[in-house]
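Asker: got a sequence here, can you build the structure:
(2 chains)
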Amino acid sequence: MDFGMIIAFIAASITSGTPILFGTLGEIVTEKVGHLNLGVEGMMAIGAFAGFMAGYTTDSFLIAILVAFAAGALAALIYGILTITFMANQNVTGLTLTIFGVGLANFCGHFARKTLEVESLKLPEKITDQMRAINIPGLSDIPVIGPLLFSYNPFVYLGIITAILLAFYFNRTKRGLNVRAIGENPAAADAAGIKVTKWKYINVCLGGGICGIGGAFTIMIINKGVWISDCVNGLGWISVALVIFASWNPKKAIFGSFIFGALRQLKYYVPSSIGIPGAIYDMLPYIITTIVLIMASVRNSKKNAQPASCGVNYFREER
Amino acid sequence: MSNIATKTGKNEPLIRTIKRAELPKNRVIMLRLAALLLALIAGAIFILCIGNNPFAVYTTMVKGAFRSKLAFQGTVKLMIPLLITSLGLTLAFRMKFWNIGAEGQIIMGAVFASYFAIFHGDMPHWLLITVMMIAGMIGGGLTGLLPAYFKAKYNTNETLFTLMLNYIALNFVVFLREGPWADPTSPGYKKFALFPAEARLDKVFGIHAGWIIAIIVLIVVFIYTKFTKQCYEIDVVGESKATASYAGMNVKRIILRTMFLSGAICGLVGMIEVSGNAGTMTEGITRGVGFTAIIVAWLANLKPMSIFVIAALFSIMEKGSSVVESTFGVSEACADVLQGIILFFVIGCEFFIRYKFAVRKKGGKA
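Answerer: As a prediction, this is how the structure comes out:
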C-alpha cells in the first residue's frame, strides 16, 4: 500500500463510519436515561425514508436532515410512550420498532414509486450537489491535510460536532449530570427532584432523531440518493455494538466509528493475495465488541459500564 | 433542582400511575381483545390511507392463509420454526436471561447439522437424520452456553452478548459459503451444495416432519415448565439469584443448563429448516424468526400453549400478507407494518392489566 492509498483508506474509513456514529450517538443518548432501544435499525430506516422524501420534494439538504431527525424522533416517541409511560418490556418494544420501522420504510418506498409512477426514486441533482464532499478552495487542495480534514460530505462534520456537543452535554452541564443520574438510579434522581419522566422522553426522542440522521446518510451517501429497500442494511445493529465498544462515551464513539468504518473498508484495500476472506472482516467489529464487553465485565468497572438501570423500567411507587 | 423540600400537595402530578389489584381472568381477556380490536382499527386506518378497503384486505389475509391445501401447508411451514424457537426462548426468559441470540443459535444449529449432510451424506437415512438433529442441538446449545458461561462467571450483559453472537454466526456462514464449504460443482456464484435425499426430513401429510417435532417439543416444554423441579429452579433464579443460592441451588449450573437447553431447542430449528425446508444451507435460513420469536414468547406470557396460539396467528398474518401483496399490489412489507401496529397496541395493553392511571382529586391529594 503506497502513501496515497493510505490517505484514501483513512478518508474512506471516516466516511464509512459516519452512519454508525449517528446510530451510536443516538443509542448512547437513549441508554444514558436507562432505556435500551433495540429499534435503532427501525428508526434509521424511518429517518432514511422521511429524509429522502423531504429532499425529493423540497430540493433542500437542510430540510431533508431536519425531517429525518423529526421522523426518527417520532419513531422513538412510540418506543418512549410504550416503555416510559406504559412500562413495556424494552427488548420487545425495541425489536417491534425495528420490524415496524424497516417495514414502514420499505412499504412507503414501494408505495411512493407506484403513486409517482416512476421506475426508480432518485434525488434531484440540486440536492445531490449539496451533499457531495465539500471543497474549500485552498484548504482542500493542501496535500495530506486537505483530503484528511477537508474532503468529506456534510454528514461527517455534523456527526463529529454532534458527538462533541453530546460529550459536553453529559460531562459538563448540570442537565447532563441529572440525565446520567436517571440512568444510574432513577429513584434517587427522582428523590433529588429531577423530572425523571420528562428527561427520559426528551432523551429517548433526541436519540431517535440522531439515529434518523444516520438513516438519511445511508440513502443519500451510500446509495447516492437512489431509494432502495432495506437501505440501512444492518448498520443499526452495528451501531448498537459500537455503543459497547465506545463504553457509552460520545467522544470514544467518534474514534470507535472510525475504527468500525476502517474494518468495513479494509477488505477493499488489503490485497486479496493475503487471502483473508471478506466475511472475516465483516465479523471483526462484532468479535471486538464481544471481547470489549467481556473485558469490561471481568474488570467489573463501573466507569465503562452500561448505565445501571438500563433495561429496567422505573415505576415511581415501587421504591 | 435545589428546592426539593418545598414539595407540597399542590405538586402532586395531575395523573399518576398506580398498581392494580390482580384482575380477574375474564377482564384480562377482555382487555387483550379490546387492544386487538383497537389495533385492527388502527391498521384499517393505515390501509385506508393507502387507498385500499380494509375489510377486503383483512379477509384476504385470513383467507389467503387457508385458501388451498398448498397455502395451508405454507402457513404451517412458517409456523414450525417460530413455534419451536419461541418455546426454546421461554426457558431462558423465565430465568430473566435475555437471550436475544436465537438467530445465532438457529444458524449454528443449522451449520452443525449441515456438516453431516454435506460431508457425510452417505450415511443411512435414519442414522443421518438422527445425527443431524443431535448435531443441530449441540450447535445451538453451545452457542447458548457461551454467553451463559460469562453471565454466570462475570455477570457479562447477556442481551448484548447474544446480540453480537447473531452477527458473528451470520458472517461465519458467509465465510463457510465462500470458502471451505463452497460447492465445488457450482461454477461462478459460491453456494452450499444441495443436500442429498438422505439428509432431507421425510414428508408427513405433505409437510416436512418438522411439524411432528414441533408438537413433541411443545409437549415436552409444557411438561418441563409445569411439572419439573428444574423449571422451578429456573423460576427461582429468575426471581432472585440470592434467594436461589440461599436455598442451596447451584445458580451457575442452573444458568448454564437452562441456556444450553434454550440454545439446543433453537439449534434444532436450524436443523429442521435446512433439512426439511430449504434442503441446503443459506445465510437467510432464519428469516428473522429468532427476533419474531422473542415477541411471540413475550406476548404469550411465556406459556407454552399460548405460544402455540400466538405463533399460529403470526404465521397466518405472514402467509396472508403474501397473498394480499399479489391481490392488491401493495408491498410485501405491508405485513411488517401491520404486525408492528398490532404489536404496539398489544404491548401497550399489558400496562392496563397491571396498572391504572389515577387523576389527582381536588385539594392536591390523589
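Asker: report all helices and strands that the longest helix seen in chain A contacts.
Answerer: What stands out as the longest helix in chain A, according to DSSP state H, is helix A:3-32. Judged by 3 or more CB pairs under 8 Å, 6 or more residues apart in numbering or on different chains; DSSP states H and E, helix A:3-32 is in contact with helix A:40-58, helix A:145-149, helix A:154-172, helix A:174-184, helix A:196-217, helix A:235-245, helix A:250-269. For the C-beta atoms, the positions are set from N, CA and C on the backbone; glycine is no exception.
Asker: can you redo those helices as CSV with mean pLDDT and distance to chain B?
Answerer: Formatted as CSV, the helices and strands packed on helix A:3-32 follow (pLDDT from 0 to 100; distance: least, CB to the nearest CB, whole Å):
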stretch, mean pLDDT, distance to chain B
helix A:40-58, 92, 8
helix A:145-149, 70, 30
helix A:154-172, 90, 16
helix A:174-184, 89, 7
helix A:196-217, 92, 9
helix A:235-245, 86, 6
helix A:250-269, 86, 12
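Asker: looking at those helices, which is buried most?
Answerer: Each of those was scored by mean neighbour count; the highest is helix A:40-58, a mean of 28, by mean count of other CB atoms under 10 Å in any protein chain shown.
Asker: contacts only, for A:Ala54.
Answerer: A:Ser60, A:Ile63, A:Ala64, A:Leu66, A:Val67, A:Ala68 (CB atoms under 8 Å, 6 or more residues apart in numbering or on different chains).
Asker: over to the closest residue in space to it that isn't next to it in sequence. Which of the three states is it?
Answerer: In space, and not counting its chain neighbours, A:Ala54 is closest to A:Val67: 3.6 Å by CB to CB, 6 or more residues apart in numbering or on different chains. With DSSP: H, G, I helix; E, B strand; the rest coil as the basis, A:Val67 sits in helix.
Asker: quick check: phi and psi on B:Thr17?
Answerer: Dihedral pair for B:Thr17: phi -100, psi 130, per degrees, to the nearest 10.
Asker: pLDDT at residue 109, what is it?
Answerer: By default, I'm working from chain A. Note for A:Gly109: predicted pLDDT of 88.
Asker: my bad, chain B
Answerer: 92.
Asker: tell me the secondary structure at it.
Answerer: Assigned with three-state DSSP, B:Gly109 falls in the helix class.
Asker: and it, how far is that from chain A?
Answerer: Distance, B:Gly109 to chain A, using CB to the nearest CB, to the nearest Å: 19 Å.
Asker: my read: that residue touches B:Ser275, true?
Answerer: No: counting by CB atoms under 8 Å, B:Gly109 sits too far from B:Ser275 to count as a contact (10.7 Å).
Asker: and those two? which has more neighbours close in?
Answerer: Using other CB atoms under 10 Å in any protein chain shown, the more surrounded residue of B:Gly109 and B:Ser275 is B:Gly109, with 36 against 29.
Asker: contacts only, for that one.
Answerer: The contact partners of B:Gly109, taken as CB under 8 Å, 6+ apart, are B:135-137, B:139-140, B:143, B:264, B:266-271.
Asker: if we use 6 Å, what do you get?
Answerer: The contact partners of B:Gly109, taken as CB atoms under 6 Å, 6 or more residues apart in numbering or on different chains, are B:Gly136, B:Gly139, B:Gly140, B:Gly267, B:Gly270, B:Met271.
Asker: how about B:Ile219?
Answerer: Counting by CB under 6 Å, 6+ apart, B:Ile219 makes contact with nothing.
Asker: near chain A, which residues of chain B are found?
Answerer: Contacts of chain B with chain A, taken as CB under 6 Å from any CB of the partner chain, map to B:1, B:4, B:98, B:150, B:154-156, B:160-161, B:164, B:167-168, B:171, B:174-175, B:178-179, B:291, B:294-295, B:298, B:331, B:333-334, B:336-337, B:340, B:343, B:347-348, B:351.
Asker: which stretches of chain B form strands?
Answerer: Listed in chain order, the strands of chain B (DSSP state E) span B:15-19, B:203-204, B:207-208, B:355-359.
Asker: pull out the buried residues from the first one.
Answerer: If I follow you right, that is strand B:15-19. For strand B:15-19, a neighbour-count test (16 or more other CB atoms under 10 Å in any protein chain shown) marks B:Thr17 as buried.
Asker: what angle do it and helix A:196-217 make?
Answerer: Interaxial angle, strand B:15-19 versus helix A:196-217 (axes from the mean of the first three to the mean of the last three CA atoms, to 10 degrees): 100 degrees.
Asker: for strand B:15-19, name the packing helices and strands.
Answerer: Secondary-structure packing of strand B:15-19 (3 or more CB pairs under 6 Å, 6 or more residues apart in numbering or on different chains; DSSP states H and E): strand B:355-359.
Asker: specify the angle between the strand it packs on and strand B:15-19 in degrees.
Answerer: 140 degrees.
Asker: for the spatially most central residue of chain B, which residues are in contact?
Answerer: The centroid of chain B falls nearest to B:Ala293 when counting by CA atoms, centre = their mean (1.0 Å). B:Ala293 is in contact with B:Leu82, B:Thr85, B:Ser86, B:Leu89, B:Ala102, counting by CB under 6 Å, 6+ apart.
Asker: residues making contact with stretch B:143-152?
Answerer: Stretch B:143-152 is contacted by residues A:294, B:104-105, B:108, B:156, B:158, B:161-162, B:252, B:255-256, B:259-260, B:262-263 when judged by CB under 6 Å, 6+ apart.
Asker: again, but for stretch B:172-189
Answerer: Counting by CB under 6 Å, 6+ apart, A:Pro277, A:Ala279, B:Ile107, B:Lys190, B:Lys191, B:Phe192, B:Ala193, B:Glu283 sit against stretch B:172-189.
Asker: go again with 8 Å.
Answerer: A:277-280, A:282-283, B:107-108, B:110-111, B:114, B:118, B:190-194, B:281-283, B:285.
Asker: filter those to the buried ones?
Answerer: Buried residues within those, defined by neighbour count using 16+ other CB under 10 Å: A:277-280, A:282-283, B:107-108, B:110-111, B:114, B:118, B:191-194, B:281-283, B:285.
Asker: domain parsing of chain B, as residue ranges.
Answerer: B:16-52+B:332-357, B:82-329 (automatic domain parsing).
Asker: end to end, how far does the longest one reach?
Answerer: End-to-end distance of domain B:82-329: 27 Å, with CA to CA, to the nearest Å as the criterion.
Asker: what segments of the stretch 151-300 of chain B are helices?
Answerer: For the stretch 151-300 of chain B, the helices defined by DSSP state H, counting those that start in this stretch cover B:158-178, B:210-227, B:229-239, B:241-246, B:251-272, B:289-299.
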